[in-house]
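Colleague: What would the 3D arrangement of this be:
(chains A and B)
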Amino acid sequence: MILFLLDNWQQALILTAEHLLLVAAATAIASLIGIPLGIIISDRQNLAPLVLDMANVLITIPSIALFGLMMPVLAVFNMGLGNVPAVVALILYSQLPIIRNTYTGIKEVDPEVVDSARGLGLSFSEQLREVLIPLSLPVIIAGVRIAVVMNIGILTIGVYIGSDGLGHFIQRGIDQAHREQIMAGALLVALLAILVELIFYRLEHWLKPEGLKAGVEDERS
Amino acid sequence: MLKMRGADEHAGKKQGRQSRFYRRFVLGFILVMLIYGFFSGLFGYMWEERLDLYYLLQQHIYLVGISFTLALLIGLFTGLFLSRGPLEKYQNLIMYFVGLGQTVPSLAVLALSMTFLGVGSRPAVLALTVYSVLPIARNTLAGFNSVPPELIDAGRGLGLSPLQILIHVEIPGAIPVIMAGIRMALVLNIGTAALGALIGAGGLGEQIFTGISFFNFNLILSGALPVALLALAADFFLRMIEEQFNSG
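Modeller: Below you'll find the model as predicted:
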């Protein structure tokens, strides 16, 4: 496995970069859709079950089946195969963790803090900007982290519909019954997921408001 | 205080409504696919190929059935033994490695299993079992850890034996979390079994992958639709069972 990677380090680098780029693009777009949706449903409670259930149904559909189901739809735009359907599938899968965490993050902000913000006469958008989003940001980022880690794994299956990424090692490994190559692909995917997860943990810690960190320590001592 | 109680009641109602919405979405999805299938000639095609599809469905259910039964046994007992006794000290360490194991993609697990056991259904069953054990064991352990120690102490105070405590106190407390793990694992298993076609295990994935090669939508959908419905149905029924446990 190590020898295979040393022999093919250039290709490994390119595939890893492609993998990372596709996941990053998908998660960025998914966040642009999911976080506003989560904010909207935290304000309009009656929409919450509707949106969350829709995301729940989406995440239940197995990835290869979702690729198959989307293909006739995307083929209308001549995008049935390649990176586009893979990224669309990843965006759909990311919705549940991102929306759910945004929603619960905002819901879990101390009601007294929200009350005092309201008492200061802040409008809902001001409350969001000054109070709700800063306080719930670690939870929202945790949702994005879950989505990214999930997407890194799912994208490996995307090779079968023609997307780029580390799945190529595994696909070729299966075709050639070449264990080294499969293990190299699996190792790189797993390492990528672990690495991204660690980075996000750091980010979550870093984004946690100083007041909250101190508050937790106060309660413990 | 009054306001808090009101909020709780509200949350309770929301919970009830959530599952009703969920049911509507599953039914809506089925309805859309029915309409599409009827007008696109998909159902005509599926009817012509019904014997093949039935055979592949059987293979699929065989893969899922065997691997999931094994995974259930292994996962539940692993979780149970990690939550007590001599292994309790190491549970964090073991769960850390389980977490690392879950970052390996399902496709790679299947592929590696193939390089050891050759092609066919045996490597697929092995891979599916290994892959499903992780969420079940993890949630079983989390479920047992979520039972408040005061309750176990109270059981001991009543003079219950460890087995009685397990049956009457710990299992009822842990079951909602365990059920959630079983549901996740089964949905994952059904989806991963579709990849079994790549290592010669057959199953409905056969239709999907052949269809992608030919870029033939009827072929793809005749595999993708049953797989999606199987996963949704499994999720749906296990959710219903979960609700029974949660309310009762």
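Colleague: Any stretches of the chain with poor pLDDT?
Modeller: Just going to use chain A. Counting by pLDDT under 70, chain A contains low-confidence ranges at A:210-221.
Colleague: try again with chain B
Modeller: Low-confidence segments of chain B (pLDDT under 70): B:1-20, B:248.
Colleague: so which strand or helix has the most centrally placed residue in it?
Modeller: By C-alpha atoms, centre = their mean, the mean C-alpha position of chain B lies nearest to residue B:186, the distance being 2.0 Å. Using DSSP states H and E, residue B:186 sits within helix B:171-193.
Colleague: now do residue A:78
Modeller: Residue A:78 is part of no helix or strand when elements are defined by DSSP H and E.
Colleague: what about it, how many neighbours?
Modeller: Number of residues near residue A:78 (other C-beta atoms under 10 Å in any protein chain shown) recorded here: 9. For glycine as for every other residue, the C-beta is placed from the backbone atoms N, C-alpha and C.
Colleague: tell me the contacts of residue 172?
Modeller: All of this is about chain A. A:178, A:181 (C-beta atoms under 8 Å, 6 or more residues apart in numbering or on different chains).
Colleague: got it, and residue B:219?
Modeller: Listed by C-beta under 8 Å, 6+ apart, the contact set of residue B:219 reads B:45, B:207, B:210-211.
Colleague: and which of those residues is nearest chain A?
Modeller: Using C-beta to the nearest C-beta, residue B:211 comes nearest to chain A of those, at 7.0 Å.
Colleague: Go ahead and confirm that closest one touches residue B:225.
Modeller: No. Applying C-beta atoms under 8 Å, one finds residue B:211 not in contact with residue B:225, separated by 11.2 Å.
Colleague: Tell me how far stretch A:127-142 lies from the chain's centre.
Modeller: 17 Å (C-alpha atoms, centre = their mean, to the nearest Å).
Colleague: again with stretch B:185-197
Modeller: The answer for stretch B:185-197 is 9 Å, by C-alpha atoms, centre = their mean.
Colleague: And chain A, is that stretch touching that?
Modeller: Yes. Using C-beta under 8 Å from any C-beta of the partner chain, stretch B:185-197 reaches chain A at B:187, B:190-192, B:194-195.
Colleague: Export those as TSV, with columns for neighbour count.
Modeller: Output for the residues of stretch B:185-197 next to chain A, formatted as TSV (neighbours: other C-beta atoms under 10 Å in any protein chain shown):
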residue	neighbour count
B:187	21
B:190	29
B:191	25
B:192	27
B:194	31
B:195	28
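Colleague: With distance to residue A:173 as extra columns, can I get those in TSV?
Modeller: Output for these, formatted as TSV (distance: C-beta to C-beta, whole Å):
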residue	distance to residue A:173
B:187	26
B:190	24
B:191	21
B:192	17
B:194	19
B:195	14
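Colleague: Residue B:136 contacts residue B:181, correct?
Modeller: Yes. Taking contacts as C-beta under 8 Å, residue B:136 lies within contact range of residue B:181: 5.1 Å.
Colleague: Find the residues that touch each one of the two.
Modeller: residue B:75.
Colleague: picking that back up, buried ones from the contacts of residue B:219, can you make that a ChimeraX selection?
Modeller: Entered in ChimeraX, the line below selects the buried ones among the contacts of residue B:219, by 16 or more other C-beta atoms under 10 Å in any protein chain shown:
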select /B:45,207,211
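Colleague: Name the nearest residue to the residue nearest to the centre of chain B, sequence neighbours excluded.
Modeller: Once flanking residues are discounted, residue B:186 sits nearest to residue B:234: 4.9 Å by C-beta to C-beta, 6 or more residues apart in numbering or on different chains.
Colleague: Enumerate every residue touching that neighbour.
Modeller: Counted by C-beta under 8 Å, 6+ apart, residue B:234 has contacts B:183, B:186-187, B:190.
Colleague: quick one, phi/psi of the spatially most central residue of chain A?
Modeller: For chain A, the residue nearest the mean C-alpha position is residue A:147 (2.3 Å; C-alpha atoms, centre = their mean). Dihedral pair for residue A:147: phi -60, psi -40, per degrees, to the nearest 10.
Colleague: Which residue comes closest to it once chain neighbours are left out?
Modeller: residue A:94 (3.7 Å).
Colleague: okay but the one you found is in contact with residue A:26, surely?
Modeller: Yes. Between residue A:94 and residue A:26 there is a contact under C-beta under 8 Å: 6.8 Å.
Colleague: between those two, who's got more neighbours?
Modeller: Just comparing residue A:94 and residue A:26: by other C-beta under 10 Å the higher neighbour count belongs to residue A:94, 30 against 25.
Colleague: now that one: how far from residue A:194?
Modeller: 19 Å (C-beta to C-beta, to the nearest Å).
Colleague: ditto for residue A:158
Modeller: Counting by C-beta to C-beta, the gap from residue A:158 to residue A:194 is 20 Å.
Colleague: rewinding a little: just the ones in strands from the contacts of residue B:219, please.
Modeller: When the contacts of residue B:219 are checked against strands (DSSP state E), there are no matches.
Colleague: Helix or strand next in line after the helix or strand hosting residue A:85, which one?
Modeller: Element membership for residue A:85, per DSSP H and E: helix A:83-107. Following helix A:83-107 in sequence order, the next helix or strand is helix A:111-119 (DSSP H and E).
Colleague: which other helices and strands contact that next one?
Modeller: Packed against helix A:111-119 by the contact rule (3 or more C-beta pairs under 8 Å, 6 or more residues apart in numbering or on different chains; DSSP states H and E) you find helix A:124-127.
Colleague: Please spell out which residues along the helix it packs on are buried.
Modeller: In helix A:124-127, the ones that count as buried by 16+ other C-beta under 10 Å are residue A:127.
Colleague: Same check on stretch B:174-184?
Modeller: Buried, per 16+ other C-beta under 10 Å, within stretch B:174-184: B:174-175, B:177-184.
Colleague: follow-up on the earlier one: tilt between the helix holding residue A:85 and helix A:111-119?
Modeller: 90 degrees (axes from the mean of the first three to the mean of the last three C-alpha atoms, to 10 degrees).
Colleague: the helices in chain B, which residues?
Modeller: B:2-40, B:42-48, B:50-82, B:91-101, B:106-117, B:121-146, B:149-157, B:162-165, B:171-193, B:205-214, B:217-247 (DSSP state H).
Colleague: Can you say which of the ones you listed is nearest to residue A:175?
Modeller: With C-beta to C-beta, the closest approach to residue A:175 among the helices of chain B belongs to helix B:106-117: 9.9 Å.
Colleague: Can you name every helix or strand that the closest one contacts?
Modeller: Under the contact definition 3+ C-beta pairs under 8 Å, 6+ apart, helix B:106-117 sits against helix A:167-176, helix A:179-207, helix B:121-146, helix B:171-193.
Colleague: tell me which residues of it are tucked away?
Modeller: B:106-115, B:117.
Colleague: what's the angle between the lengthiest helix in chain A and helix A:167-176?
Modeller: Ranked by number of residues, the top helix in chain A under DSSP H is helix A:9-43. Put simply, helix A:9-43 runs at 120 degrees to helix A:167-176, going by the same axes, to 10 degrees.
Colleague: how big is the angle separating helix A:9-43 from helix A:179-207?
Modeller: 40 degrees.
Colleague: Correct me if wrong: residue A:167 contacts residue A:188.
Modeller: No. Distance between residue A:167 and residue A:188: 10.5 Å, which falls outside the contact criterion (C-beta under 8 Å).
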